[in-house]
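> Pasted the sequence and its predicted model underneath.
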Amino acid sequence: MPKIVKARVIVTSPRRNFVTLKIECDDGTTGVGDATLNGRELAVASYLAEHVVPCLIGREAHQIEDIWQYLYKGAYWRRGPVTMTAIAAVDMALWDIKGKIAGLPVYQLLGGAAREGCMVYAHANGTTIDDTIAAAKAAMDAGYLAVRLQCGVPGLPSTYGVAKHGERYEPADADLPSESVWSTSKYLRVVPELFRVAREELGWDVHLLHDIHHRLTPIEAGRLGRDLEPYRPFWLEDATPAENQDAFRLIRQHTTAPLAVGEIFNSIWDCKTLIENQWIDYIRATVVHAGGITHMRRIAALADLYQVRTGSHGATDLSPICMAAALHFGLSIPNFGIQEHMPHTEETDRVFPHAYSFANGLMHPGDKPGLGVDIDEELAGTHAYKRAFLPVNRLEDGTLWSW
Ligand code: GCO
Ligand code: MG
């Protein structure tokens, strides 16, 4: 039985910050786990280094469940994004090790492939509706079967989902949080028009998604859902904040547009009421922020009882290690729905060489033993950490709003 002899935390910044846990066993096997929490990276790095790594040394690497329970129950302070991201990193690294020792890709250990690949959705962001449609066409030409549409809101200087200087979108861009301006009434006017034009220009064979990023009240979300129903959206994401899970009951009463939520959830308790009441259709929790593969399988199993499918978060602030883990997970569960895919920068891909691939709208984790992803530590060492924050959002009168 391999014993853990070393574990270290690697912080690197190939165009954006990533935190990685690397675990090493006495037989020389190593495993990697993503521990990145965008804008709060060093909190997880220090939680791991000071409070987790010392507890791992000497443990049997194969005892994934016991180690998970030890870190969860043993901390006394359960849940929360920092704790659950740290546990996720350990969990991913241990599945990676188990796969390498077994000589099998992780999805085989999870029950084998339940489908040919994981359908992924691309991002189409544009300042205008026309730009957004052009970006969606490019994604469809590249083979994507599903596309998320976000466009600028006339009258607002910047919009969620739309990069300022034509760069790839995924902010964490300033030494202190930058500020955006928001108007719900202006936003609610443009989105139905975006979807109307999209169906006209893109046809009906492509799945169209939209992310509201927690900015509406439940009744506003119900109205938007109704307005979009004729265009058959695949989902409306994060319609309203979900700390109060009951908020989704109200949205459900007003629209049949499918609802997705959960990219900021970190445990099964965050989604229990939503799932059991069938107030959502897709659960967006993901491996890195929700306790790893072990806990995500528990969430998926609960969701499956209620015909809720997965639609895991997969923005570029989640490292390629999380992407690999999400694909092994998604390939093996019965109720996979869709997976978000934003390609990483070349710099990031070089630091994290990986076996997963994209073809014909689907992604596959590859057949390398373990997760099929690694970290090039030497290269990682050349990209120094730089503090970066997510933006904050204010209404036009200065009121702080959800970003
Ligand atoms: C998404 C998300 C991201 C998040 C980001 C935060 O749907 O991809 O909403 O864009 O804002 O991952 O770190
Ligand atoms: Mg989102």
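Good, I have the coordinates. Ligands and ions are numbered 1, 2, ... in the order given.

> Pick out the residue of the stretch 251-400 of the chain closest to ligand 2.
Glu263 (5.0 Å; Cβ to the ion). C-beta here means a position set from N, CA and C on the backbone, and glycine is covered the same way.

> sorry, that was for the chain
For the chain, Cβ to the ion, closest residue to ligand 2: Asp211, 4.3 Å.

> Any idea how many residues pack against that residue?
Other residues near Asp211 come to 21 when the count uses other Cβ atoms under 10 Å.

> what does Thr85 give?
Around Thr85 there are 28 residues (other Cβ under 10 Å).

> Quick one: residues contacting whatever residue of the stretch 1-150 of the chain ends up closest to ligand 1.
The minimum distance from the stretch 1-150 of the chain to ligand 1, using Cβ to the nearest ligand atom, falls at Asn38 (3.5 Å). Listed by Cβ atoms under 8 Å, 6 or more residues apart in numbering, the contact partners of Asn38 are Asn17, Ala172, Asp317, Leu390.

> doesn't it fall inside a strand?
No - according to DSSP: H, G, I helix; E, B strand; the rest coil, the state of Asn38 is coil, so it is not within a strand.

> Quick check: it vs Met323, distance?
15 Å (Cβ to Cβ, to the nearest Å).

> Repeat that for Gly112.
20 Å.

> The two: which has the busier surroundings?
Met323 (30 against 11).

> so what pLDDT did the closest residue to Pro258 other than its chain neighbours get?
Closest residue to Pro258 apart from its sequence neighbours, by Cβ to Cβ, 6 or more residues apart in numbering: Asp281 at 4.0 Å. Note on Asp281: pLDDT of 99.

> Wait, Pro353 touches Glu377, no?
No - here Pro353 does not reach Glu377: they are 11.7 Å apart, not a contact under Cβ atoms under 8 Å.

> hmm, back to that, now do the residue of the stretch 251-400 of the chain closest to ligand 2 against His295, distance only.
Counting by Cβ to Cβ - Glu263 and His295 are separated by 15 Å.

> quick one: contacts for Thr83?
Counted by Cβ under 8 Å, 6+ apart, Thr83 has contacts Tyr47, Tyr72, Ala75, Trp77, Asn266.

> Need phi/psi at the residue nearest to Pro258.
Phi and psi for Asp281, reported as degrees, to the nearest 10, are phi -110, psi -30.

> give the contact list for it.
Trp235, Pro258, Leu259, Ala260, Val308, Arg309, Gly337.

> mind running it again at 10 Å?
Asp281 makes contact with 234-236, 252, 257-261, 303, 306-309, 311, 337, according to Cβ atoms under 10 Å, 6 or more residues apart in numbering.

> swap in Tyr160?
Taking Cβ under 10 Å, 6+ apart as the test, what Tyr160 contacts is 125, 150, 152-153, 169, 171, 180, 182, 187, 211-215, 391, 393, 402-403.

> any idea which helix or strand carries it?
Assigned by DSSP states H and E, Tyr160 belongs to neither a helix nor a strand.

> so what's the most centrally placed residue in the chain closest to, chain neighbours aside?
Centre of the chain computed as the mean C-alpha position; nearest residue by Cα atoms, centre = their mean is His313, 2.1 Å away. Ranked by Cβ to Cβ, 6+ apart and with sequence neighbours excluded, the top spatial neighbour of His313 is Glu263, at 3.8 Å.

> Distance of that neighbour relative to ligand 1?
Plainly put, Glu263 is 5 Å away from ligand 1 if you go by Cβ to the nearest ligand atom, to the nearest Å.

> Give me the three-state assignment for the residue lying closest to Val288 once chain neighbours are set aside.
In space, and not counting its chain neighbours, Val288 is closest to Cys322: 4.1 Å by Cβ to Cβ, 6+ apart. Following three-state DSSP, Cys322 is assigned to helix.

> mind checking pLDDT for Cys322?
98.

> now Thr159
You'll see Thr159 listed with a pLDDT of 75.

> Verify the contact between it and Leu194 for me.
No - at 11.3 Å, Thr159 does not count as touching Leu194 under the criterion of Cβ atoms under 10 Å.

> Can you pull the residues that touch both of those two?
Both Thr159 and Leu194 are in contact with Gly126, Gln150, Cys151, Gly152, where contact means Cβ under 10 Å, 6+ apart.

> How many residues are close by the second one?
Using other Cβ under 10 Å, the number of residues around Gln150 comes to 23.

> what helices or strands is the helix or strand harbouring it leaning on?
Taking DSSP H and E as the criterion, Gln150 maps to strand 146-151. Judged by 3 or more Cβ pairs under 10 Å, 6 or more residues apart in numbering; DSSP states H and E, the packing partners of strand 146-151 are strand 118-126, helix 129-141, helix 184-202, strand 207-211, strand 235-237, strand 336-340.

> if I pick Leu379, what's in contact with it?
Leu379 neighbours (Cβ under 10 Å, 6+ apart): Thr12, Pro14, Glu347, Arg350, Val351, Phe352, Pro353.

> residue ranges with poor pLDDT in the stretch 51-200 of the chain?
Scanning the stretch 51-200 of the chain for pLDDT under 70 picks out 164-171.

> I'd assumed Leu216 was in contact with Asp227.
No - applying Cβ under 10 Å as the test, Asp227 and Leu216 come out as separate, 11.9 Å apart.

> Those two: who's more crowded?
Ranked by neighbour count (other Cβ under 10 Å), Asp227 and Leu216 place Leu216 first, with 23 against 18.
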